[in-house]
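1. below are the sequence and a predicted model for it; my questions follow.
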Amino acid sequence: MKTLYSIEKWDLIAKYYANECDQKEIEELDNWISENEEHKKVFIQVKQDLEILNISNSMNKINVDSAWDKVKNRIEEADEKESIAMHSTTGFQFKSVLKYAAMLILIVGIGFITNKIYQSTNGKLNTEYAAIDEQGKEIVLPDGSIVFLNSESTIFFEKTFAHNERRVILEGEAFFDVTKNPDKPFIIETKSAEVKVLGTSFNVNANLPNKEVEVFVKTGLVMLSDVNDLNNKILIEPGKVGLLKNKDLSKEENTDLNKISWKTKEIVFQEDNMINVINTLNKVYNTNISCSDQKVLDLKYTSTFRNQEIDSILNVICMTLDLKVDYVNNQINLIKHNN
């Protein structure tokens, strides 16, 4: 696995998140992120961990000497060539980024963080699971409930739930299959909403713009509330979608057959415009498919796919609509076959 130390811009990332980059350095970092998907993953992971731990408000509490000892030990354990490259290819002085380097090493460690323990503000130990580019990551909670995390999503929960409730914190999107317990409600917190259930299965998407939260209920009943006003709430029945938008709550019948396809990998298209097909595939498979031909985007497509790889799906679509796939770097372009 490629470590943080083998990424030549780790010091620039630290400086960026400390708000100390000038415009030239920001442009340099943007160019590096655009080079390949691995660079993007590193940048996103660091951002997630900084937000999770709110490190920007507690950097002064870091024991720099102790942290720097850990940094040096990790560097000495890394491959010698990588260590030499790290020191020689950047003109950045270690002293000037000492506490930022220590901060990143302590948070990110040697690989991408997929589970860890951290100390919460109230002193209780919480467990965190994060999915970077992995979809459908399955997590079993202390009460036996199951959570499936979508990519770039994170969930926090106590190692042992409180006696009166089962509370988790979600950043991103997840599908929940909650064990029923009438005496201990299951509560999901997001930045702007609270979702409360007793036992049911449902999808929560807190990864929408402007802190919007969407809840799709598969079975049971779910209560969706404004986290700043818990009296502002709405009850959502099976088959319906609840939405919190600008403190306004609403619900409607679900018309999206692929609402939880990112989890089930079952995709149904019924006379869908190709623009909708592309958007669905990008969400379900976390891909980067595009098409600039409006005539292609206006085409209708009908088919059902179950647990198929994205390449196989694209092959079927291309054969059906006389298209071809043009791969450019990490971009997948759909074009007419005769182009």
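-> In hand now; what should we look at? Numbers count the residues shown, from 1 in each chain.

2. C-alpha from now on. contacts and neighbour counts both.
-> Noted.

3. would you mind listing where this structure has pLDDT under the threshold?
-> 1-8, 10-11, 17-19, 44-126, 132-133, 339 (pLDDT under 70).

4. all the helices of it, residue numbers only.
-> 10-17, 23-35, 37-53, 64-77, 80-88, 98-108, 261-264, 274-285, 294-297, 310-321 (DSSP state H).

5. roughly how far does Ile26 sit from Lys9?
-> 11 Å (CA to CA, to the nearest Å).

6. tell me which of those two has more neighbours.
-> Lys9 (21 against 16; other CA atoms under 10 Å).

7. wait, what's in contact with the more buried one?
-> Residues near Lys9 by CA atoms under 8 Å, 6 or more residues apart in numbering: 29, 32.

8. pull the number of nearby residues for Val268.
-> 18.

9. do Phe176 as well
-> Neighbour count for Phe176, taken as other CA under 10 Å: 22.

10. show me the strands in the stretch 201-339 of the chain, by range?
-> Ranges of strands in the stretch 201-339 of the chain, per DSSP state E, counting those that start in this stretch, are 201-205, 213-219, 222-226, 229-236, 240-245, 248-253, 266-273, 289-290, 300-306, 323-328, 331-336.

11. what packs against the third one?
-> Yep, that's strand 222-226 we're talking about. Packing partners of strand 222-226 (3 or more CA pairs under 8 Å, 6 or more residues apart in numbering; DSSP states H and E): strand 193-197, strand 229-236, strand 240-245.

12. quick check: buried residues in the first one?
-> Pointing back at strand 193-197 there. Neighbour-count burial for strand 193-197, counted by 16 or more other CA atoms under 10 Å, picks out 193-197.

13. could I get these in TSV, plus columns for distance to Cys291?
-> Output for the buried residues of strand 193-197, formatted as TSV (distance: CA to CA, whole Å):
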residue	distance to Cys291
Ala193	35
Glu194	38
Val195	37
Lys196	40
Val197	41
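
14. now for these: which two are most distant?
-> The largest separation in the buried residues of strand 193-197, counting by CA to CA, is between Ala193 and Val197 at 13.4 Å.

15. sorry, back to before: name the stretch among the helices and strands packed on strand 222-226 that sits most buried.
-> Highest mean neighbour count among the helices and strands packed on strand 222-226 (mean count of other CA atoms under 10 Å): strand 193-197, with a mean of 23.

16. can you name every helix or strand that it contacts?
-> strand 186-189, strand 222-226.

17. show me what Glu173 bridges to in the sheet.
-> Taking DSSP bridges as the rule, Glu173 bridges to Asn205.

18. state the number of residues packed around it.
-> Here the number of neighbours of Glu173 (other CA under 10 Å) works out to 23.

19. would you format the strands of the stretch 201-339 of the chain as CSV with distance to Cys21 included?
-> Formatted as CSV, those follow (distance: least, CA to CA, whole Å):
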stretch, distance to Cys21
strand 201-205, 33
strand 213-219, 33
strand 222-226, 37
strand 229-236, 39
strand 240-245, 34
strand 248-253, 39
strand 266-273, 43
strand 289-290, 32
strand 300-306, 46
strand 323-328, 31
strand 331-336, 29
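
20. closest to Val42 out of the ones you listed?
-> strand 331-336 (19.0 Å).

21. identify each buried residue in the closest one, please.
-> The neighbour-count check on strand 331-336 (16+ other CA under 10 Å) flags 332-335 as buried.

22. quick check: closest non-adjacent residue to Trp32.
-> Using CA to CA, 6 or more residues apart in numbering and skipping residues adjacent in sequence, the residue nearest Trp32 is His39, 6.9 Å away.

23. measure that neighbour to Leu29 for me?
-> Using CA to CA, His39 is found at 10 Å from Leu29.

24. now swap in Asn254 and tell me
-> Counting by CA to CA - Asn254 and Leu29 are separated by 41 Å.

25. which of these two has more neighbours?
-> Ranked by neighbour count (other CA under 10 Å), Asn254 and Leu29 place Leu29 first, with 18 against 15.

26. and stretch 249-258, C-alpha only, in PDB?
-> What follows is stretch 249-258, C-alpha atoms only, in PDB (Å, rounded to 0.1, in the frame of the first residue of the first chain):
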ATOM      1  CA  LEU A 249     -39.800  19.200   6.000                       C
ATOM      2  CA  SER A 250     -41.700  17.400   3.300                       C
ATOM      3  CA  LYS A 251     -42.300  13.800   2.100                       C
ATOM      4  CA  GLU A 252     -43.500  12.200  -1.200                       C
ATOM      5  CA  GLU A 253     -43.700   8.800  -2.800                       C
ATOM      6  CA  ASN A 254     -40.400   7.500  -4.000                       C
ATOM      7  CA  THR A 255     -40.300   7.400  -7.800                       C
ATOM      8  CA  ASP A 256     -36.600   6.600  -8.100                       C
ATOM      9  CA  LEU A 257     -36.200   2.900  -8.700                       C
ATOM     10  CA  ASN A 258     -32.500   3.200  -8.100                       C
END
